[in-house]
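*Asks:* Fold the following.
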Amino acid sequence: MTQPALFISHGSPMMAVQQSVTSDFLTSLGQTLKTPSAIVIFSAHFDIANDKTTHDIVITAGNAPQTIHDFYNFPAYMYQIQYPAPGEPALANTIAQLFSTKGIKAVLDVKQGWDHGVWIPLRLMYPAANIPIVQMSINTRLGAKTMYEYGQLLAPLRDQNILIIGSGGISHNLPEIFKKPPTPNRVQMVSEFTQWVEQTLLANNTFALLDYLNQAPHVLFNHPTQEHFLPLFAAMGAGTNEVEKIFSDIEMGVLTLDAYKFT
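*Replies:* The predicted model follows:
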């Protein structure tokens, strides 16, 4: 059974408790996909770019990783939510060995838990929390090409009924949400960037996507920092040229929540 690779935009942590078109989409997505035997997921919130060690990637390897509440100034009940999905140490070790054969320094971390880029969407997709997870770090210092290559290394896992997910956001300019007054043409800049991403993905123009920092319109407005965009490239690498846009939404005018499936 072959699984797709997905890119999903995980949105605000409040999506865990507030119904929206995006939360409804994620719930239905989990119901329509074939049930995977495991999930390998890259989250925007596990960036090791500033890690002072020499490794290239960190892989969760605990049996029962904790739920991390890595957000601030939210209602108290948000910090009580748990997503007790098991880890999959054997799969983590297999992935680490796979990376090692390519000269990539991978570290197995038995203490790292599920950040909200993992548990917010997966709690909606798989509320029973019974599918084992392996989380992979991203690295904004290494950039899009490296994330794409990481995804390519993981692509064979899809044939073992393992679902590969990149969790981030198509556009993610949080400071703009609170800016007074807002940037006058912000809606247009988000729209032009989002359309460029869609058109370039559907055209299978991998070269342009990997060079998005130079080619995409208004890229630094849509992504002042790059961590929410990089998981897309892991999903791209793990997928094929068959790309489908499976969801589209935008919140607060500047947070694009599109999702893509690579089959």
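*Asks:* Distance of Q112 relative to L124?
*Replies:* Shown here: Q112 relative to L124, a distance of 22 Å by C-beta to C-beta, to the nearest Å. C-beta: built from backbone N, CA, C; applies to glycine.
*Asks:* Skipping adjacent residues, who's closest to S12 in space?
*Replies:* Ranked by C-beta to C-beta, 6 or more residues apart in numbering and with sequence neighbours excluded, the top spatial neighbour of S12 is E251, at 7.3 Å.
*Asks:* helices and strands around the longest helix belonging to the chain, which ones?
*Replies:* When the chain is parsed with DSSP state H, its longest helix is helix 186-202. Judged by 3 or more C-beta pairs under 8 Å, 6 or more residues apart in numbering; DSSP states H and E, helix 186-202 is in contact with helix 206-210, helix 219-222, strand 243-247, strand 255-256.
*Asks:* can we see that at 6 Å?
*Replies:* strand 243-247 (3 or more C-beta pairs under 6 Å, 6 or more residues apart in numbering; DSSP states H and E).
*Asks:* Dump the helix or strand of the chain with the lowest mean pLDDT to CSV, restricted to CA.
*Replies:* When the helices and strands of the chain are scored by mean pLDDT, DSSP states H and E, helix 174-178 comes last with a mean of 91. Extracted in CSV, the C-alpha atoms of helix 174-178 (Å, rounded to 0.1, in the frame of the first residue of the first chain):
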residue,chain,number,x,y,z
LEU,A,174,2.8,36.8,11.9
PRO,A,175,4.1,40.4,12.6
GLU,A,176,1.9,41.7,9.8
ILE,A,177,-1.2,40.4,11.6
PHE,A,178,-0.5,42.8,14.5
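*Asks:* list the buried ones in that helix?
*Replies:* Under the neighbour-count criterion of 16 or more other C-beta atoms under 10 Å, helix 174-178 has E176 buried.
*Asks:* gap between that helix and the chain center?
*Replies:* 21 Å (C-alpha atoms, centre = their mean, to the nearest Å).
*Asks:* How about stretch 149-164?
*Replies:* Distance, stretch centre to chain centre, for stretch 149-164: 14 Å (C-alpha atoms, centre = their mean).
*Asks:* what's the answer for stretch 156-168, then?
*Replies:* Offset of stretch 156-168 from its chain centre (C-alpha atoms, centre = their mean): 12 Å.
*Asks:* Show me which residues of that stretch are buried.
*Replies:* Here stretch 156-168 shows 157-158, 162-168 as buried, counting by 16+ other C-beta under 10 Å.
*Asks:* now those in a markdown table, with secondary structure and pLDDT?
*Replies:* A markdown table is the format used below for the buried residues of stretch 156-168 (DSSP: H, G, I helix; E, B strand; the rest coil; pLDDT from 0 to 100):
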| residue | secondary structure | pLDDT |
| --- | --- | --- |
| L157 | helix | 98 |
| R158 | helix | 98 |
| I162 | strand | 98 |
| L163 | strand | 98 |
| I164 | strand | 98 |
| I165 | strand | 98 |
| G166 | strand | 98 |
| S167 | strand | 98 |
| G168 | strand | 98 |
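*Asks:* Out of these, which is nearest to L201?
*Replies:* Nearest to L201, judged by C-beta to C-beta, of these is G166 at 12.5 Å.
*Asks:* Mind pulling up the pLDDT for F25?
*Replies:* pLDDT recorded at F25 is 98.
*Asks:* give me the number of residues near I68?
*Replies:* 17 (other C-beta atoms under 10 Å).
*Asks:* ok, it - contacts?
*Replies:* 113, 115 (C-beta atoms under 6 Å, 6 or more residues apart in numbering).
*Asks:* for V254, same thing?
*Replies:* V254 neighbours (C-beta under 6 Å, 6+ apart): 173, 176, 186, 190.
*Asks:* quick one: the residue nearest to S12 from L174, how far?
*Replies:* 11 Å.
*Asks:* just checking, what packs against the helix or strand containing K261?
*Replies:* K261 belongs to strand 259-262 when assigned by DSSP states H and E. In terms of contacts (3+ C-beta pairs under 6 Å, 6+ apart), strand 259-262 is packed against strand 5-9, strand 243-247.
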